[in-house]
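A.B. asks: what's the 3D shape of this:
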Amino acid sequence: MALTSYRNDGLTFEVDDSGGDGEVVVLLHGFPQSRTSWSKLTPHLVQAGYRVLAPDQRGYSPGARPKRRRDYAIDLLVADIVALADNAGARRFHVVGHDWGGGAAWALAERHPERLLSMTSLSTPHPRAMVAAMVRSNQALKSWYMLAFQLPWLPEAAISSKRGGTRVRQALIDAGMAPAEAESRLDMLRGGAARGALGWYRALPFAGKPAGGKIRVPTLYIYSTDDVALGGKAADLTGSYVSGPYTCEVLDGVNHWIPDVAADTIAPMILDHLA
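C.D. replies: Residues are numbered from 1 along each chain as shown. This is a model prediction of the structure:
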């Protein structure tokens, strides 16, 4: 039976489940999106025989919005993914993440490689490559918003205000998001998801120290050259932190919102990787 929701850590998560008996592919959205961001990629995977699970993650699902920032620590985000796979009866599975979903996918591959058949990250480099790029490129300048999001209550107040909401909407559009999608994401944030969505950033001090080992899960990393938030240096360094089979694909002239604007382009890459 296909899942419509599942529970973990006292929280309820909504999920789209294509059903079927094929290998499971878990799709993890980023900030500030939802499971609907995979609507263009999912049909490609289903047609190829995969069972696709796309959850609204912690902070986004209405029933999974804890208030403390420590409730968004990366270990808890990883546990949510494992719980989804367990509820679906998937001992091993593929994971594909975009933006913060890619960050969760990297953490999952580090902490539970035995559960993964493969991992794919769209946009998001390996976290240690990201840190290295902060001091070796202009990545720190590109990531200024991560520091701004650490402020208590002020980002939520800005999102809720007319002027602030207009600026958030325009920032998403300037990053390449379609205007209608930007309006929908702003409505979601104003509808109660803002605090939880920002919690992913505010929980960074609770991330702990990485284990230090390289990723040994078969890995595909897809980077787009017109990404306003992520520079090329971290993308170049990411392969240094993977010891397993590794492929890096570069999308020239594509913006940050890869699943939305380049699903037809990345689908063959991902299907080759899954196979």
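
A.B. asks: Where does pLDDT dip in this structure?
C.D. replies: The chain contains residues with pLDDT under 70 at 140, 144, 146, 148, 208-212.

A.B. asks: Going along the chain, name the helices of it.
C.D. replies: Under the criterion DSSP state H, the chain contains helices at 42-47, 74-87, 100-111, 127-136, 139-142, 144-148, 154-160, 162-174, 179-188, 194-202, 232-238, 258-261, 263-274.

A.B. asks: To G244, which of those helices lies closest?
C.D. replies: Among the helices of the chain, helix 100-111 comes nearest to G244, with 8.9 Å by CB to CB. Just so you know, the C-beta spots here come from the backbone N, C-alpha and C atoms, and that holds for glycine as well.

A.B. asks: which helices and strands does the closest one pack with?
C.D. replies: strand 24-28, helix 74-87, strand 93-98, strand 116-122, helix 127-136 (3 or more CB pairs under 8 Å, 6 or more residues apart in numbering; DSSP states H and E).

A.B. asks: Show me what the shortest one packs onto, helices and strands only.
C.D. replies: In terms of contacts (3+ CB pairs under 8 Å, 6+ apart), strand 24-28 is packed against strand 51-55, helix 74-87, strand 93-98, helix 100-111.

A.B. asks: still on that earlier bit, turn the helices and strands packed on helix 100-111 into JSON lines, including distance to E183 and mean neighbour count.
C.D. replies: Below are those laid out as JSON lines (distance: least, CB to CB, whole Å; neighbours: other CB atoms under 10 Å):
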{"stretch": "strand 24-28", "distance to E183": "23", "mean neighbour count": "27"}
{"stretch": "helix 74-87", "distance to E183": "27", "mean neighbour count": "19"}
{"stretch": "strand 93-98", "distance to E183": "20", "mean neighbour count": "27"}
{"stretch": "strand 116-122", "distance to E183": "23", "mean neighbour count": "24"}
{"stretch": "helix 127-136", "distance to E183": "30", "mean neighbour count": "18"}
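
A.B. asks: Which of those sits closest to D174?
C.D. replies: Closest among those, once you apply CB to CB, is strand 93-98, at 18.5 Å.
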